[in-house]
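Peer 1: give the three-dimensional model of this entry:
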Amino acid sequence: MERTHSSDVTAPLSQPVPVLAAFYDDVTAICRLAERFDAESWGAQTPCPEWRAADLAGHLHCVADDFHEYLDEAPVSRYARLMATGAHPDTLGRKLARQNAAELAALADAPPQEHIAAFAASARGYASRVTAVWDLPHHQYRDTVVTVADMVGAACAEWHLHAWDLAKALGLEYRPADAAAVLACWRRGMPHRPVPPRSRWRGGLSSRTGDPWHAVLAASGRLGPPGLAKVGTGSARSRLARLRKPRRG
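Peer 2: I've put the predicted structure just below:
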């Protein structure tokens with residue numbers, strides 16, 4: 001049953017099957033989109049500022065590995081410590097953007113397709129680990145305890161958003177098969193990024209009323225008033241990219 005987005009309170013992600021189904025769907029979607037890129041189109045701009053499609057491939061590789069680290073060290077990972085500060089969402093966003101930029105700058109050079117393959121292997125490996133610890137606490141933001149299940153939901157939503165980014169770089173549209181499930185995943189896994197009122201979404205309301213996918217796009221910053229910065233690493237990545245890149249591994 002499709003959820004509305006009139007409230008940011010949703011039921012716990014108690015059943016792994018629908019969450020993991022949406023998770024695997026988005027990993028598959030990213031791999032299929034990646035197959036459509038060539039050497040020239042990997043240089044295309046994405047909706048994330050200063051990120052080309054090739055940069056996004058590297059970011060996906062990095063962040064999939066990060067999810068393993070966070071799970072290994074939960075509930076005291078560096079991500080958990082950051083969320084435990086209860087900082088304003090904008091502050092958290094800036095800190096995570098700097099982290100993303102540093103990881104991308106340190107990533108060993110490889111063709112984008114190799115980064116996508118590494119992402120897919122890492123993401124699927126992560127999904128295979130989580131059911132045994134599904135209900136355990138992963139971290140806490142203010143008064144909200146985020147379980148491992150909820151964090152899987154956060155990963156699911158992020159992968160779908162990055163599939164949308166890659167599709168946009170190709171001039172295509174993208175929409176998850178189960179947008180309501182992705183919205184539920186966002187709400188449970190991202191309590192520091194609530195869905196904004198529809199009046200703040202860019203481009204009018206009529207076509208987006210009741211649409212769970214547009215709710216996720218709006219919550220992520222991909223639909224907002226004209227002139228607002230979109231999601232991404234911004235100038236932090238730009239500065240780091242000028243540095244000499246250290247190698248991983």
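Peer 1: list the buried residues for stretch 130-139?
Peer 2: 130, 134, 138-139 (16 or more other CB atoms under 10 Å). Bear in mind the C-beta positions are built from the backbone N, C-alpha and C, glycine included.
Peer 1: quick one: stretch 90-102 to chain centroid distance?
Peer 2: How far stretch 90-102 lies from its chain's middle: 13 Å, per CA atoms, centre = their mean, to the nearest Å.
Peer 1: do a quick rundown of the helices in this structure.
Peer 2: Secondary structure of the chain (DSSP state H): helices located at 16-34, 53-73, 78-84, 89-106, 112-130, 148-169, 179-189, 212-219, 234-241.
Peer 1: list the ones among the buried residues of stretch 130-139 that fall in strands.
Peer 2: Secondary structure assignment (DSSP state E) places 138-139 from the buried residues of stretch 130-139 within strands.
Peer 1: tabulate the buried residues of stretch 130-139 (JSON lines), appending pLDDT and distance to Arg36.
Peer 2: Shown next, in JSON lines, are the buried residues of stretch 130-139 (pLDDT from 0 to 100; distance: CB to CB, whole Å):
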{"residue": "Val130", "pLDDT": "96", "distance to Arg36": "30"}
{"residue": "Trp134", "pLDDT": "95", "distance to Arg36": "34"}
{"residue": "His138", "pLDDT": "98", "distance to Arg36": "34"}
{"residue": "His139", "pLDDT": "98", "distance to Arg36": "36"}
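Peer 1: got the buried residues of stretch 130-139 as a markdown table, with distance to Gly86 columns?
Peer 2: Below are the buried residues of stretch 130-139 laid out as a markdown table (distance: CB to CB, whole Å):
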| residue | distance to Gly86 |
| --- | --- |
| Val130 | 25 |
| Trp134 | 25 |
| His138 | 16 |
| His139 | 11 |
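Peer 1: which of the helices of the chain sits closest to Pro47?
Peer 2: Each of the helices of the chain was scored for nearness to Pro47 using CB to CB, and the closest is helix 148-169 (5.3 Å).
Peer 1: the closest one to helix 16-34, inter-axis angle?
Peer 2: Computed with axes from the mean of the first three to the mean of the last three CA atoms, to 10 degrees, the direction of helix 148-169 lies at 20 degrees from that of helix 16-34.
Peer 1: helix 148-169 vs helix 53-73, what angle?
Peer 2: With the same axes, to 10 degrees as the basis, helix 148-169 and helix 53-73 are set at 180 degrees to each other.
Peer 1: elements contacting helix 148-169?
Peer 2: If you count contacts as 3 or more CB pairs under 8 Å, 6 or more residues apart in numbering; DSSP states H and E, helix 148-169 packs onto helix 16-34, helix 53-73, helix 112-130, strand 137-141, helix 179-189, helix 212-219.
Peer 1: can you give me the angle it makes with helix 179-189?
Peer 2: Relative orientation of helix 148-169 and helix 179-189, computed by the same axes, to 10 degrees: 130 degrees.
Peer 1: and helix 148-169, how far out from the chain middle?
Peer 2: On the basis of CA atoms, centre = their mean, helix 148-169 sits 4 Å off its chain's mean C-alpha point.
Peer 1: for that helix, list the C-alpha coordinates in CSV.
Peer 2: This file holds the C-alpha atoms of helix 148-169, laid out as CSV (Å, rounded to 0.1, in the frame of the first residue of the first chain):
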residue,chain,number,x,y,z
VAL,A,148,20.3,-1.2,11.1
ALA,A,149,17.1,-1.8,9.2
ASP,A,150,16.5,2.0,9.0
MET,A,151,20.1,2.5,7.8
VAL,A,152,19.6,0.0,5.0
GLY,A,153,16.6,2.1,4.1
ALA,A,154,18.9,5.2,4.0
ALA,A,155,21.2,3.3,1.7
CYS,A,156,18.3,2.2,-0.5
ALA,A,157,17.1,5.8,-0.9
GLU,A,158,20.6,7.1,-1.6
TRP,A,159,21.2,4.5,-4.3
HIS,A,160,17.8,5.4,-6.0
LEU,A,161,18.7,9.1,-5.9
HIS,A,162,22.1,8.5,-7.5
ALA,A,163,20.4,6.4,-10.2
TRP,A,164,18.3,9.5,-10.8
ASP,A,165,21.5,11.6,-11.0
LEU,A,166,23.1,9.3,-13.5
ALA,A,167,19.9,9.2,-15.6
LYS,A,168,19.8,13.0,-15.7
ALA,A,169,23.5,13.0,-16.9
